[in-house]
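**Student:** Sequence isn't available, so here's the structure alone:
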């Protein structure tokens, strides 16, 4: 079974695991409902490392994130076919979703990147240093709830997760399992 | 609310600062001065003077006059023994004649004298003590604004609202606990603009940082802002505020006047008295003498009368002979008699607070009309408004008596006499006078003393204040705690995918930059490092060992022109490498200096897998990218370092272990040394490289990171019957040293070319052109000075890294790596030596613990020189 | 030092996000003389004034760019991707 860089950290936090496309993922920590209401009221953090990621030199069909000149990133659900000419970088990143009305307050304690709505509108992306680690920041609101997808090099995953949790303490940030994340899908 | 002062509970009212609560409860002495231990009381009540510094909850030098009371906080005086009221060291002021200006320079003319006196002086002088263990939580935060406004007074609020009306994002930084500036405590300055304050709070695009001060204005309009108690979990927060435009609206502040004993408790600035009265409802005394010119005294008189304070007299400072009292004020002696009082209210000159402008590169110039220094020639994107620009500032000339008791600088007890002596001794420029006397160099950073110092200097030298000029303002001002600059203690850590497997196996960790790597495995044994490393070494040489090499840099290089690029930046040829083969790769710069090494495997016609040393990955990636610029070549480089867990299975039994888990033919016939294959191991897709850094049959196995922990555990399990052991960096370094494999950056330095490092074989000068070719071919022809050699010690011991190599009693080189080699049963190592000694069998000496030990030079590996074991 | 560099990909960012890559030099022919290569490798113009420089945006897009900086004031007046102006 595939394990993200955060597996042991989730285990220590008492997560209940579930299998999802060959990955062993935290289904929930406290309870999905509680986690969901925390996201609505304040801020929550989920591990999304299982999503498939592809690095491209030329713009593909469909939605992609532009990381620079001739550099694109495609993120899909696991087990979807890679776009032609892509390098699979699924394993290269630990990725998080930080979501909730206090998301920007947490981010402002971790990065000099301007994450205000005007500077980083929904469906846009930027890269900067976050908790002293290079991070790809994708703005992907969940309906009216501000949400950011953060990608860091895999080996920094645990360190950055802990930094985010620490910064979020004042807002009672809670970890989210897969179930809570999926509750926001619709 | 209650807090503790010197162990006793003190009652505080809502909104009280520590100093206000203490003053209300009768405390008059707040600190003892730096040098003479003179008693000092509240002076400015605005956080600008050094008089109220105390230790709060273990944090030294807290400005208690602006620090709000929190329930249960513990407050202690500092720099006073046994107490604020009776400080034995105040006796020093009787011997002040022994301590003239420049005392340190004049007394400690020999280092020995200073060493003898240092510990006594350190104890006697100085301010608070630093706790060895920080208790406080510090934070950082980043903010962005179109306009940043410094100062929450009338002008600052106006500027903020104007910017907000233009639709800009505004951050307003105010060092007080509420907006309003001087309107909060100066009745005559105008009604408190309640409507304005409400509007500003209601504006969605104005963010207000209260109890926050800006300590520096840096390039590109970066403002350093210190925010007190941003939330209950943090004591201080450093805000990196980046603005497009900065408006300095910091107002003006009052400074003391010069007369003998102007520092006694009870001598207070008029704005300090007004703050106590209006902000905390505390009358500062019962009977007051007011000192100053008519422009301020009328307003102050009216305020004091209203508060029921008797006004005993109204004096011009020149009339004062001295303030009387020991500790606290008892009266004022004038030329025409004494006035008994318990409060001396000083209406001093007002200073436009424009230090930030000077920091940002603006000019500060003297204005005769204002009798003040005003900001001129503003830097781009910085403006100054209100009293900071001198709007209502109109000072009159002041008297400058020369007295050992008329203190200019309260921070370090510098009197007007000291300054005059300093000028007389030749330090007649304000910047040198500052350095000689320490005036303006204390905690207040010149806020209280700069103008007086300039005026005294100007007077003594017969120059004008404008000619004398102003001392340089540098950030941070006001000072900030080192803790908040350091921020949260969060250093990034890089963990390999097998991190927790190592932990279970009892790894002893070492840091390699941000990476955590097992140095060796202690297991459950109580064996020491030497024994553990030897055990791991034996496993690899005799049976099989497994090491985590995930930290190796890994680049996926694809595209039709990949071979061309690699030919260009590496010294060897790679376009002719057959798919399924691996080649050693050496990289040099344009000067022919070794930059990095690794391996390059060709996984397909247009696909290479490049490894780099752990520390140089980013550099190599950037180097490849840079050399690709403008070529138009079809190459796609992706850093896949984190995507692969990598481990090296090595030892004579490695084939047996790996063979149990894969269908891939591992025989030397099908899978020879320096070959690579894509395969499945335990149904996990892997890239297998048959290479041998440690000098045994072995495979470097690269697998998707999310499967690496599982693969590691399976290999350990399947290897158990052969006595497999995990091995760490220490054993690896010993194993590679026996094979004489160099580590770039350890055995080479910024001057090493491949020929000197004995690696000329990796340079293909016959290639068309590549980075470094011209200077490498030049270096190849030149006689080099030094060579990297191997040596075997003839005596006991192992030299430390950097140990000296000695030939004929003269230094002749240095050791780069050395270990005890079980294979040679002697200390072996690599060293740079002069070229005449770089031949097989030559004799050198190596310095170990101060003794010279004989050693024999060898140019061959210490272990398996033919490489037979690698190819088995 | 806290000046801003406008990255063509990422916008204005603090200089701390970048790695300095040295002044942009005239490219040298592969078969240039030893003396020319030594000059290229070790000597710099080090102008006081406008200078075109290499910068690598390591905390951002991780791409090379060229920036024109006033070495006296640290003001970066323009920047562009290397391919754009050749």
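**Tutor:** Yes, it's here. Model, not experiment: these values are computed from the prediction.

**Student:** mind showing which ranges of chain C have poor pLDDT?
**Tutor:** Filtered on pLDDT under 70, chain C yields the residue ranges C:86.

**Student:** Spell out the residue ranges of the strands in it.
**Tutor:** C:4-7, C:11-14, C:19-23, C:50-56, C:64-70, C:76-80 (DSSP state E).

**Student:** Now do the contacts for residue 66.
**Tutor:** Unless you meant another one, I'm taking chain A. Listed by Cβ atoms under 8 Å, 6 or more residues apart in numbering or on different chains, the contact set of residue A:66 reads A:59, A:72, A:125. No exception for glycine: its C-beta is placed from N, CA and C like everyone else's.

**Student:** Oops, wrong one, chain C.
**Tutor:** For residue C:66, the set of contacting residues under the criterion of Cβ under 8 Å, 6+ apart consists of C:24, C:52-55, C:79-82, C:85.

**Student:** can you list the strands of chain C in JSON lines and add distance to residue B:527?
**Tutor:** Conversion of the strands of chain C to JSON lines gives the following (distance: least, Cβ to Cβ, whole Å):
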{"stretch": "strand C:4-7", "distance to residue B:527": "53"}
{"stretch": "strand C:11-14", "distance to residue B:527": "50"}
{"stretch": "strand C:19-23", "distance to residue B:527": "44"}
{"stretch": "strand C:50-56", "distance to residue B:527": "46"}
{"stretch": "strand C:64-70", "distance to residue B:527": "50"}
{"stretch": "strand C:76-80", "distance to residue B:527": "58"}
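
**Student:** Report the separation between the closest residue to chain A within chain C and residue C:8.
**Tutor:** Of the residues in chain C, the one nearest chain A is residue C:61, at a distance of 3.6 Å by Cβ to the nearest Cβ. Computed as Cβ to Cβ, to the nearest Å, the residue C:61 to residue C:8 distance reads 9 Å.

**Student:** between the two, which one's more packed in?
**Tutor:** Taking other Cβ atoms under 10 Å in any protein chain shown, residue C:61 and residue C:8 do not tie; residue C:61 has more neighbours (25 against 19).

**Student:** okay, now the spatially closest residue to that one that is not a sequence neighbour: neighbour count?
**Tutor:** With sequence-adjacent residues excluded and distances taken as Cβ to Cβ, 6 or more residues apart in numbering or on different chains, residue C:61 is closest to residue A:68, at 3.6 Å. Residue A:68 has 18 neighbouring residues, counting by other Cβ under 10 Å.

**Student:** what's the answer for residue B:43, then?
**Tutor:** Neighbourhood size, residue B:43 [other Cβ under 10 Å]: 27.

**Student:** pretty sure it contacts residue B:265?
**Tutor:** No - with contact defined as Cβ atoms under 8 Å, residue B:43 and residue B:265 do not form a contacting pair (9.2 Å).

**Student:** can you list the contacts of residue C:66 in JSON lines and add distance to chain B?
**Tutor:** JSON lines is the format used below for these (distance: Cβ to the nearest Cβ, whole Å):
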{"residue": "C:24", "distance to chain B": "11"}
{"residue": "C:52", "distance to chain B": "14"}
{"residue": "C:53", "distance to chain B": "13"}
{"residue": "C:54", "distance to chain B": "8"}
{"residue": "C:55", "distance to chain B": "11"}
{"residue": "C:79", "distance to chain B": "14"}
{"residue": "C:80", "distance to chain B": "12"}
{"residue": "C:81", "distance to chain B": "9"}
{"residue": "C:82", "distance to chain B": "5"}
{"residue": "C:85", "distance to chain B": "11"}
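
**Student:** Drop anything exposed from those residues.
**Tutor:** Among the contacts of residue C:66, the ones that count as buried by 16 or more other Cβ atoms under 10 Å in any protein chain shown are C:52-55, C:79, C:81-82.

**Student:** ok, so what distance separates the residue nearest the centre of chain B from chain A?
**Tutor:** Among the residues of chain B, the one closest to the centroid is residue B:486, at 5.8 Å (Cα atoms, centre = their mean). The gap separating residue B:486 from chain A is 13 Å, by Cβ to the nearest Cβ, to the nearest Å.

**Student:** My read is that that residue contacts residue B:138, right?
**Tutor:** Yes - the pair residue B:486 / residue B:138 is scored as a contact, 6.9 Å apart, by Cβ under 8 Å.

**Student:** residue ranges for the helices of chain A, please.
**Tutor:** Under the criterion DSSP state H, chain A contains helices at A:7-12, A:32-41, A:103-107, A:157-168, A:178-183.

**Student:** Next, see if the fourth one gets close to chain B.
**Tutor:** Yes - using Cβ under 8 Å from any Cβ of the partner chain, helix A:157-168 reaches chain B at A:157-160, A:162-163, A:166-167.

**Student:** who wins for most neighbours among those?
**Tutor:** The most neighbours, when those are compared by other Cβ under 10 Å, belong to residue A:157, which has 27 neighbours.

**Student:** so what's it up against?
**Tutor:** Taking Cβ under 8 Å, 6+ apart, one finds A:4-6, A:49, A:94, B:495 in contact with residue A:157.

**Student:** likewise residue B:771?
**Tutor:** Under the criterion of Cβ under 8 Å, 6+ apart, the neighbours of residue B:771 are B:568-569, B:587-590, B:627.

**Student:** Touching, residue B:393 and residue B:369? I think so.
**Tutor:** No - contact between residue B:393 and residue B:369 fails when scored by Cβ under 8 Å: they sit 9.6 Å apart.

**Student:** So which bits of chain C are right by chain B?
**Tutor:** When proximity is defined by Cβ under 8 Å from any Cβ, chain C lies next to chain B at C:1-4, C:14, C:19, C:21, C:30-34, C:37-38, C:40-42, C:54, C:56, C:58, C:63-64, C:74, C:82-83, C:86.

**Student:** Mind checking which of the residues you listed are buried?
**Tutor:** The neighbour-count test (16+ other Cβ under 10 Å) marks C:2-4, C:14, C:21, C:37, C:40-41, C:54, C:56, C:58, C:63-64, C:82 as buried among these.

**Student:** Could you pull out the strands in the stretch 51-200 of chain B for me?
**Tutor:** Under the criterion DSSP state E, counting those that start in this stretch, the stretch 51-200 of chain B carries strands at the ranges B:53-56, B:59-63, B:74-76, B:138-150, B:170-173.

**Student:** Give me whichever of the ones you listed is most buried.
**Tutor:** strand B:170-173 (a mean of 28; mean count of other Cβ atoms under 10 Å in any protein chain shown).

**Student:** Which residues does that strand contact?
**Tutor:** Outside of strand B:170-173, the residues that reach it under the criterion Cβ under 8 Å, 6+ apart are B:143, B:145-152, B:156-157, B:160, B:163-164, B:179, B:200, B:203, B:205-209, B:212-214, B:223, B:225, B:241, B:243.

**Student:** Out of those, which are close to chain A?
**Tutor:** Taking Cβ under 8 Å from any Cβ, the overlap between the contacts of strand B:170-173 and the neighbourhood of chain A is residue B:143.

**Student:** For residue 49, grab the count of nearby residues.
**Tutor:** Since you didn't name a chain, this refers to chain A. Using other Cβ under 10 Å as the criterion, residue A:49 is surrounded by 25 other residues.

**Student:** oops, chain C please
**Tutor:** Residue crowding around residue C:49 was assessed by other Cβ under 10 Å; the count is 9.

**Student:** dump the residue contacts of it.
**Tutor:** For residue C:49, the set of contacting residues under the criterion of Cβ under 8 Å, 6+ apart consists of C:70-72.

**Student:** Tell me the one of those nearest residue B:80?
**Tutor:** Nearest to residue B:80 among these is residue C:72, at 50.0 Å by Cβ to Cβ.

**Student:** mind checking how far that closest one is from residue C:45?
**Tutor:** Applying Cβ to Cβ to residue C:72 and residue C:45 gives a distance of 15 Å.
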